[in-house]
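Colleague: okay, predicted coordinates and the sequence, questions at the end:
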Amino acid sequence: MAGSLENKLIVGLIGNPNVGKTTLFNALTGASQHVGNWPGKTVEKKEGEFESHGQTFHLVDLPGAYSLAPYSEEEQVTSFFVIKEEPDVIVQIIDAGNLERNLYLTVQLLELGSPLVIALNLIGQAKEEGITIKYKALAELLGVPVVPINAKSKEGLGKLLTAIKKRAPQKRKPALKLRYGRDVTKALVGLKKRLNQNKSSAEIRARAHWYAIKLLEGTAEKDFSEDKKIISLAERSRKRLQTIFRRDASLMIAHVRYGFVRGLGREVIVRKKNKSNKKWLERIDELLLHKYFGIPIFLTVSLLIFQIAFSLSKPLTEGIGWIFKKVGVGLEAYLEASFQTPWLTSLLVDGVLGGVGAVLSFVPTIALIFLLLALLEDSGYMSRVAFVMDRFMHKIGLHGKAFLPLILGFGCNVPAIMATRILKTKRDRLQTILMMPLVACSARLPIFVLFAGVFFSAYQGLIVFSIYLLSIMLTILMGLILQKFYFKKLSTPFVIELPHYRVPSFQGLMIHVGERTWSFVKKAGTVILVFSIIIWFLGSVPFSQPYASQDSLAGQIGQTISPIFEPLGFGFWQASTALLFGFAAKEVVVSTLSTYYSVDEDNTEGLATLRQDFTPLSAYSFMVFSLIYVPCLPALYMMKKETGSWKWPVVAVGYLMVLAWVVAFVVYQGGRVLGF
């Protein structure tokens, strides 16, 4: 890869999770970055370019990894890039407060002979904990540049870029060779001899020591799938070591590496007693991770997010709605005066502007929720939520790690389904995927905001929070049902790293929120625009009838299926049609209702018609049904892609439709019995 981009240094950023790797990437590249997926993988790929002192740097933000052993998909991607694509420089970002844990990956990179530069991050935080790193001594012992930085404040980045430029021409350096003991070394020598004798590629011969270690660890089968003899030799060597030491060869290798790391730690880590700050953080963790208080705190924080988001965004939402209304009035007057074509006026004003504008008016609310969630994620709190939820997740046959994709589902179910790849077993992935549609994604939020604003304006935040709380309860309930009747195998043990508490960087937050919000806006400009036109057409045909009447094609379709929803409180064609179009994308439900009812804050006639058809109880029932019923088409496709069969998306559609009808029926009929 190094030679594929002229006059550019290809730099891979590597590191353990939660070391500030992406913060450094954002600090260096700013907005000049591209987000995609690695070929054939669901793992996100981030690349960016920038210039400094006449040199162009092409950065690749690699997935977080603890080692180069390709166990998880993230580690596979990272390992492949480092070994096969041969970047000009590898920059390993290391958390100064957890040096020894981070150095295990360093040892592997040195054994590989990678052109390495170490960026020692989070030094200030380490000092607060009484930890000082003698980075010059570390550089001398490892034989690679070690540059102290602060990725958040950009301190030391100039020195880091200088170190990268100096390191690049050196390319590979002699591989680090640890003393693995006589018997392990003998096995490695035999494997290296075989590799050099064999018709191996130049890349394998140049890294014979590294590949010999991989073969002995048992992690190189894919690299040598066609060379049965070398695989057989590696198996015999492992069995011999197992017989002699009664230990797996991979554990023996790891033991020596950790011994080397501990020796480095003794030489370069200076620890001072500084308990005051640590005690304070420990007390916070005792509260947030408390057996009984942890979950109520999480629910309280979630409620505050919705209350704050709705309170702060209301003026902006109303302002955007007012702008679209004024634009609509002006556009209607212009079209009537210039073209005198009623159908064109109706298409652009009622269809396009009414449908897309209704969805875009919710951008401030959604952006604020994204911002507040990003604050929780980047501060380290969401990892603690996963830890707190571990006990409940075990009851449904999963563990706390499965809660992480479910949390992502509140943003969008599609990447959340992809994120189930972090789970080790196929059983865990399938169960989590089947639970995922019950997580209230951001696409459903405009539905909740619309109805909460019209029917529950005084308690808007509380009503929407109750829907999200119902989402969590139903997700857990479905997990229990799946565990009892289908996934009966016990869950695997759960280990999660609790990152340090951090103050999120402003730039990182803006990039994070910008990406998610822009994705929502793009959807409004594509999918929702197309369906707004389709909705307008169905509401206009036949053209002899008034727009959006029950005699229109949309009205006839809606009337055909509306009896199904009569017991749920919304058995009229507008609601039925909106739900039908919601199969494509949940935001389309709002654009459909807004098109047929002409709903906005200033349109008293549209609001009156909506309030005439819906009561507060039936509106809440509609919100509940919209929460549960079928996922959008992209989510269904992703379910098929991840499970490898259309069977599971069909199963999901079936159980969700039944569950949505039953829960909405209980809400509506139960509410009527109680006098609501």
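Modeller: Structure's in. What do you need?

Colleague: phi and psi next, for L120.
Modeller: Dihedral angles of L120 (phi, psi; degrees, to the nearest 10) stand at phi -90, psi 100.

Colleague: pLDDT wise, what is the spatially most central residue of the chain at?
Modeller: The centre of the chain sits closest to L408, judged by C-alpha atoms, centre = their mean, with a distance of 5.1 Å. L408 carries a pLDDT score of 71 in this model.

Colleague: kindly report the same for R236.
Modeller: As summarised for this prediction, R236 has a pLDDT of 92.

Colleague: can you give me the strands in the chain?
Modeller: Listed in chain order, the strands of the chain (DSSP state E) span 8-14, 33-37, 44-52, 55-61, 89-95, 116-121, 131-133, 146-148, 269-271.

Colleague: name the residues that touch the last one?
Modeller: So that's strand 269-271. The set of residues external to strand 269-271 that reach it, using C-beta atoms under 8 Å, 6 or more residues apart in numbering, is 99-100, 130-134. To be clear about C-beta, it is placed using only N, CA and C from the backbone, and glycine gets the same treatment.

Colleague: which of the residues you listed sit farthest apart?
Modeller: Of all pairs drawn from the contacts of strand 269-271, the greatest distance, 15.4 Å, lies between E100 and G130 (C-beta to C-beta).

Colleague: quick one: W280 from L142, how far?
Modeller: From W280 across to L142, the span is 34 Å (C-beta to C-beta, to the nearest Å).

Colleague: ok, those two, which is more surrounded?
Modeller: Between W280 and L142, counted using other C-beta atoms under 10 Å, the more crowded position is L142 (19 against 10).

Colleague: ok, that one - contacts?
Modeller: If you count contacts by C-beta under 8 Å, 6+ apart, then L142 has 106, 110, 118, 264 around it.

Colleague: any idea how far L450 is from F531?
Modeller: 16 Å.

Colleague: what is the least confident helix or strand in the chain?
Modeller: Ranked by mean pLDDT, DSSP states H and E, the weakest helix or strand in the chain is strand 33-37, scoring a mean of 50.

Colleague: if we can go back for a sec, helices - which of the contacts of L142 land there?
Modeller: Using DSSP state H to define helices, the subset of those located there is 106, 110, 264.

Colleague: tell me the most packed of these, by neighbour count.
Modeller: Ranked by the number of neighbours (other C-beta under 10 Å), the ones in helices among the contacts of L142 place T106 first, at 26 neighbours.

Colleague: just the CA trace of stretch 15-35, in CSV.
Modeller: Taking C-alpha atoms only, stretch 15-35 is exported to CSV below (Å, rounded to 0.1, in the frame of the first residue of the first chain):
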residue,chain,number,x,y,z
GLY,A,15,-4.1,0.9,19.8
ASN,A,16,-6.2,-0.7,22.5
PRO,A,17,-9.8,0.5,22.8
ASN,A,18,-10.3,3.7,24.8
VAL,A,19,-6.7,5.1,24.5
GLY,A,20,-7.7,8.3,22.5
LYS,A,21,-6.9,6.9,19.1
THR,A,22,-9.9,8.4,17.4
THR,A,23,-9.4,11.7,19.2
LEU,A,24,-5.9,11.8,17.7
PHE,A,25,-7.3,11.0,14.3
ASN,A,26,-9.9,13.8,14.5
ALA,A,27,-7.3,16.2,15.8
LEU,A,28,-5.0,15.6,12.9
THR,A,29,-7.5,15.2,10.1
GLY,A,30,-10.3,17.5,11.2
ALA,A,31,-13.2,17.3,8.8
SER,A,32,-11.0,15.9,6.0
GLN,A,33,-12.0,12.3,6.6
HIS,A,34,-13.9,9.5,4.9
VAL,A,35,-15.9,6.9,6.7
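
Colleague: list only those of the contacts of strand 269-271 flagged as buried.
Modeller: By the neighbour-count criterion of 16 or more other C-beta atoms under 10 Å, the contacts of strand 269-271 include these buried positions: 99, 130-131, 133.

Colleague: coming back round to it: verify the contact between the residue nearest to the centre of the chain and A416 for me.
Modeller: Yes. At 3.9 Å, L408 counts as touching A416 under the criterion of C-beta atoms under 8 Å.

Colleague: average pLDDT across the lengthiest helix in the chain?
Modeller: In the chain, assigned by DSSP H, the helix with the most residues is helix 294-338. Model confidence over helix 294-338, given as mean pLDDT, is 84.

Colleague: stretch 165-172 too?
Modeller: Across stretch 165-172, pLDDT averages out at 78.

Colleague: burial of L303, as a residue count?
Modeller: Neighbour count for L303, taken as other C-beta under 10 Å: 17.

Colleague: for the nearest residue to it once chain neighbours are set aside, which residues are in contact?
Modeller: Among residues not flanking L303 along the chain, F465 sits closest, at 4.7 Å (C-beta to C-beta, 6 or more residues apart in numbering). Taking C-beta under 8 Å, 6+ apart as the contact definition, F465 lies against 302-303, 306-307.

Colleague: could these be laid out in JSON lines, adding distance to L157?
Modeller: Written out in JSON lines, the entries for the contacts of F465 read as follows (distance: C-beta to C-beta, whole Å):
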{"residue": "S302", "distance to L157": "36"}
{"residue": "L303", "distance to L157": "40"}
{"residue": "F306", "distance to L157": "38"}
{"residue": "Q307", "distance to L157": "39"}
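
Colleague: if anything else comes up later, I'll come back, but that's it for now.
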